[in-house]
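Undergrad: got a sequence here, can you model it:
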Amino acid sequence: MSSTSAPAPSVRGAVRPRLSVIVPTFNEHDNIEPLVEKLQRALEGITFEIIVVDDNSPDGTAELAKSLAAERPNVRCIHRFGRRGLSSACIEGMASSAADFVAVIDADHQHDETILPLMLAEAEAGADIVVGSRYTGEGNSSAGFTKSRQAGSTLATRLSGILTGKTLSDPMSGFFLMPRSLFNTVVPSLSREGFKILLDIVVSADRLKDGELAIAEVPYSFRPRHAGESKMSPLIVAQFLGLIVSKISRGVLPTSFLLFSLVGATGVVVHMAALAFFLFVAEFNFANGQLAATVVAMTSNYILNNELTYADKRLTGRRFWTGLLSFYLVCSFGTVANVSVASVIYEAQLTNVFVAGIAGVVMSVVFNYAVTRMFTWRD
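TA: Numbering: from 1, shown residues only. Sure thing, here's the model as predicted:
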C-alpha cells in the first residue's frame, strides 16, 4: 500500500489520519509555526496530523499550538501540567493517536522533515521501526553538532550498540517512525523517564520479537537549531546512563535509580563534612553528631533529587515543604538504622569515625529510594 492511498473515513465522515507526527515541546514558541508549515509541505498528499505535546512551556508554546489547532484541523495540542520529560511526552502523544503510523520529530528543525514520506514508505513495506539517521549513507551531523557534542554522540552510539546488539547507525536519534500497533505492544515496557526513547523502544521491541525486529534507516543531514536553546545538559547524560542500567537489568533498576545513587554519593560527602563540623567544631558526641549530619545530608539529598532525579515531578511552593516533611518522615526509619549501626561500629572501636559514618549512610540508601519514590514523588 502506498503512502498516498485513499484515507479511511470514520463513522462521522471525518478522515482518519494515516500518520501522526508527534512533536514534544518545551519553550519552542518560535519554532512551532514554521515547523507546521514545513510538515504541511513535506507531507502533501498524505493524510496526517500533528500532535504537539507541550510541558506547560512558560514561553507560550502551548497557547500558540492551540491557536494553530483552531485554524488547522490536522493540528492539536496536548498541554501537560505537572509532568515533564521528552520520553513521557512522546509516549503520551503516540498513545493519543488513532493513525496507523506514528512518527516523532524534534521541534527545533534539526531533523529533516522532507524524508518523512520515505520513512513512511519503509514502514508500509514492512519495517518495524524506521530511523532518520545522521550516520548512514549520505547523512551527516556536522552542521548540527559542536565537536564536544559530536564526541558525546559517538560514545553514546557505541554504548547503545553494545546494549541493543543491533547494527543501527544512529540509536540516539530522536527522529523515527513506526506502526502504532507495535507501539501499543511495547508501551508497557517503556520508561517514562529520560530523553532517549528510541533506544528504549528498540530494546523493548527486540526482546518482544525475539531478535526479529526489522529496522530501516533513512539518511538525512542534521541541521542547526532554528530558534531557542538546546535542552542538552549533564542531567540528560545521567538519564541516558540510567536508561542503559535499567535496560541491562530488564527494568529491575529504574532509570531514576542511577540519579538517586549519584545524589546519594554527593550526600555522603555532605554527610562527612557535616559530621566533621559537628564533632570537631561544635563538639557534639558521636551519636548526636551523626544524627545532625544525617539531617543535613537528607536535606541536601531532597533538594538535589527534587531538581534532578524527579525533575519531571518537581515539587514547588507548598508541595516542596510538605514533600520535605514527607522525605524526613519516610527516611526516619533508615535514619534510625543509620545512626544505630554507625554508633555500634564506632563504640566497638572496629574502625575510625569516618568509616563508621559511611557504614551508617549506606544502610539507608536503597530503603530511602524505594520509599521516597512511593510517598514523596509518587505518580
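Undergrad: C-alpha only now, for contacts and for neighbours.
TA: OK.
Undergrad: tally of neighbours for the nearest residue to residue 130 once chain neighbours are set aside?
TA: Residue nearest to residue 130 in three dimensions, not counting chain neighbours: residue 216, with 4.7 Å by Cα to Cα, 6 or more residues apart in numbering. Neighbour count for residue 216, taken as other Cα atoms under 10 Å: 19.
Undergrad: could you point out which element follows the helix or strand of the chain with the lowest mean pLDDT?
TA: Every helix and strand in the chain was compared by mean pLDDT, DSSP states H and E; the lowest is helix 147-164, with a mean of 59. As assigned by DSSP states H and E, the chain's next helix or strand after helix 147-164 is strand 176-179.
Undergrad: what comes up buried for stretch 276-293?
TA: Residues of stretch 276-293 classed as buried by neighbour count (16 or more other Cα atoms under 10 Å): 276, 278-279, 284, 286-293.
Undergrad: out of these, which are inside helices?
TA: 276, 278-279, 286-293 (DSSP state H).
Undergrad: out of those residues, which is nearest to residue 59?
TA: Residue 59 lies nearest to residue 293 out of these, by Cα to Cα, at 40.8 Å.
Undergrad: roughly how far does that closest one sit from residue 333?
TA: 16 Å (Cα to Cα, to the nearest Å).
Undergrad: now this protein, which segments are flagged as low pLDDT?
TA: Applying pLDDT under 70 to the chain flags residues 1-14, 137-167, 193-195, 228-253, 255, 334-342, 345-346, 348-353, 355-364, 379.
Undergrad: one more pass at 50, please.
TA: Within the chain, the segments meeting pLDDT under 50 span 1-5, 8-13, 144.
Undergrad: all helices for it, in order.
TA: 29-42, 61-71, 86-95, 116-124, 147-164, 180-186, 197-208, 234-248, 255-280, 286-304, 318-347, 353-375.
Undergrad: nearest to residue 310, of those?
TA: For residue 310, the closest of the helices of the chain is helix 255-280, at 7.6 Å, according to Cα to Cα.
Undergrad: got the buried residues for the closest one?
TA: Those would be 255-265, 267-268, 270-272, 274-276, 278-279, for helix 255-280 by 16+ other Cα under 10 Å.
Undergrad: domain ranges for the protein?
TA: 19-233, 255-375 (automatic domain parsing).
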